[in-house]
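J.: Attaching a predicted model along with its sequence, questions to come.
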Amino acid sequence: MPNLFDPIDLGDIHCPNRILMAPLTRGRASPGHIPNDMMRLYYEQRASAGLIISEATGISQEGLGWPSAPGIWTEAQTEGWKPITEAVHKAGGRIILQLWHMGRLVHSSFNNGAPGVSASATTGPGHAYTATGKQPLEQARALRLDEMPRLVADYVKAAENAKAAGFDGVQIHSANGYLLDQFLRDNSNLRDDAYGGSIDNRIRLMREVAEAVAGVWGAPRVSVRLSPNGDSQGVDDSNPEALFTAAAAALQTIGIGFLELREPGPEGTFGNTNVPKQSPAIRRVFTNPLVLNSDLTAESGAALVASDQAEAVSYGRPFISNPDLVARIRDGKPWAADNMRTWYSAGPEGYTDYPTAA
């Protein structure tokens, strides 16, 4: 019976345990979306995770609409990541970079007044976080067919930069209502061309991106994150089981190293997720390693692995306040609570000052 402390190969990445650090936006990058030394310490402190999945990282200025989130499209950003990957490796860890395009959730203030882009001319719910505070989200423009190759090329360039920065692989963010998720789901994808309508068409862009990124890294060092749940930042689908099993089957054909599913409960961060979990259906079509995420305890994470529902599990918020989460789970020690007020604040408070257990 497998347990959380058994080693696991996630594609070509050998992990000493099955407790992954999930991607966590923290907003600590320097101007120009450049990673910095404070981020180096943060990731180094958490290197005991079986694998670190970095915070969501912008593949282009067009796709990044979060203040002080890091990027990976410029030379300066790529250079800024190098000390971070080096520190994680020296501490015995492994780290992959999550590639992020926010789509319609990018406010025009991040792009000199240009609207965000999406599958269709739709508007996300609520507000965007900008350098001057919350702003109402605006209607995005639909990406044109002739822009698709350029968009895929942005992912390829970011993947190449991630390799140059010393990462062990990449994860494609196709979840939580961001661009690729906006293409996947039928309430945000209203297209009638090759990228809209049928499920096969709606998964086309995700598949093209995954194939192109696999061309940079080799498929076993590529993973994808999906959120096969209900409403997620305003995107939803009328037939999620058919959609997400088709998406997972396409990724299985590509041969990605692992698939991570964010399946939160009804109190999940990104909206109403009180819907049946799709992971059992996905597991029937995706036979490479599966990683499950969201709202897990030590006990529920262990049960998922022991029952072969997943090869590994990922923890997000518990890693914020427990840099030594792996040791705490192993030793049965309580978890420290995190401070929501400092999730996205500017300094080390609530970032690098959480102590390890005595």
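T.: Cool, the structure landed. Numbers count the residues shown, from 1 in each chain.

J.: start to end distance for stretch 326-335?
T.: Chord length of stretch 326-335, first to last residue, is 11 Å (Cα to Cα, to the nearest Å).

J.: got a list of contacts for that stretch?
T.: Residues from elsewhere that reach stretch 326-335 (Cβ atoms under 8 Å, 6 or more residues apart in numbering): 4-5, 17, 19, 48-50, 298, 301, 318, 321-322, 325, 356-357. From N, CA and C alone the C-beta is placed, and that goes for glycine too.

J.: Got a PyMOL select line for the buried ones in the residues you listed?
T.: Those of the contacts of stretch 326-335 that count as buried under 16 or more other Cβ atoms under 10 Å are selected in PyMOL with:
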select buried, resi 4+17+19+48+49+50+298+301+318+321+322+325
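
J.: In strands, which of the contacts of stretch 326-335 appear?
T.: residue 19 (DSSP state E).

J.: Can you tell me how far residue 316 is from residue 134?
T.: In this view, residue 316 and residue 134 are 23 Å apart by Cβ to Cβ, to the nearest Å.

J.: Quick check: end-to-end length of stretch 142-156?
T.: End-to-end span of stretch 142-156 (Cα to Cα): 21 Å.

J.: residues of it that come out buried?
T.: Those would be 142, 143, 148, 151, 152, 154, 155, 156, for stretch 142-156 by 16+ other Cβ under 10 Å.

J.: Restricted to strands, list those.
T.: Those of the buried residues of stretch 142-156 mapping onto strands are residue 142, per DSSP E.

J.: Chain neighbours aside, what residue packs nearest to residue 166?
T.: Among residues not flanking residue 166 along the chain, residue 85 sits closest, at 3.6 Å (Cβ to Cβ, 6 or more residues apart in numbering).

J.: which residues touch that neighbour?
T.: Neighbour list for residue 85: 95, 165, 166, 167, 168 [criterion: Cβ under 8 Å, 6+ apart].

J.: Tell me the most packed of the residues you listed, by neighbour count.
T.: Among the contacts of residue 85, residue 167 has the most neighbours (other Cβ atoms under 10 Å), with 28 neighbours.

J.: so that one touches residue 95, yeah?
T.: Yes. The pair residue 167 / residue 95 is scored as a contact, 6.0 Å apart, by Cβ atoms under 8 Å.

J.: Who is the spatially closest residue to residue 109 that is not a sequence neighbour paired with across the strands?
T.: Of all residues not flanking residue 109 in the chain, residue 130 sits nearest, at 5.1 Å (Cβ to Cβ, 6+ apart). Counting by DSSP bridges, residue 130 is bridged to residue 133.

J.: hang on, isn't residue 45 packed against residue 352?
T.: Yes. At 6.6 Å, residue 45 and residue 352 qualify as touching, with contact defined as Cβ under 8 Å.

J.: Which one's more surrounded, residue 316 and residue 134?
T.: Taking other Cβ under 10 Å, residue 316 and residue 134 do not tie; residue 316 has more neighbours (20 against 11).

J.: Now do the contacts for the more buried one.
T.: Taking Cβ under 8 Å, 6+ apart, we find residue 316 in contact with 21, 22, 23, 24, 293, 294.

J.: before we move on, what about residue 142?
T.: Taking Cβ under 8 Å, 6+ apart, we find residue 142 in contact with 117, 118, 119, 120, 121, 191.

J.: quick one: the fifth one from residue 140, how far?
T.: The one in question is residue 121. Relative to residue 140, and taking Cβ to Cβ, residue 121 is found at 6 Å.

J.: go on, the second one?
T.: As for residue 118, its distance to residue 140 is 4 Å (criterion: Cβ to Cβ).

J.: Could I get the buried residue list for stretch 116-134?
T.: Buried residues in stretch 116-134 (16+ other Cβ under 10 Å): 116, 117, 118, 119, 120, 122, 123, 124, 128, 129, 130.

J.: how close does the first one get to residue 94?
T.: With distances defined as Cβ to Cβ, the gap from residue 116 to residue 94 amounts to 33 Å.

J.: separation between the most centrally placed residue in the chain and residue 39?
T.: Centroid check for the chain by Cα atoms, centre = their mean gives residue 173 as the closest residue, at 4.4 Å. Noted for residue 173: a distance of 18 Å to residue 39, by Cβ to Cβ.

J.: next one: residue 32
T.: For residue 32 relative to residue 39 (Cβ to Cβ), the value is 14 Å.

J.: So for those two, which sits in the more crowded spot?
T.: Taking other Cβ under 10 Å, residue 32 and residue 39 do not tie; residue 39 has more neighbours (24 against 11).

J.: Thought residue 84 was touching the more buried one, still the case?
T.: Yes. With contact defined as Cβ under 8 Å, residue 39 counts as touching residue 84 (5.9 Å).

J.: which residues sit in contact with the nearest residue to residue 101 once chain neighbours are set aside?
T.: Excluding the flanking residues, the one nearest residue 101 by Cβ to Cβ, 6+ apart is residue 63, at 3.3 Å. Applying Cβ under 8 Å, 6+ apart, we find residue 63 in contact with 100, 101, 102, 103, 106, 154, 179.

J.: all strands for this protein, in order.
T.: Using DSSP E, strands in the chain cover 8-10, 13-15, 19-21, 51-58, 95-100, 117-118, 127-130, 133-136, 141-142, 170-173, 222-226, 258-262, 290-293, 312-315.

J.: Noted, bye for now.
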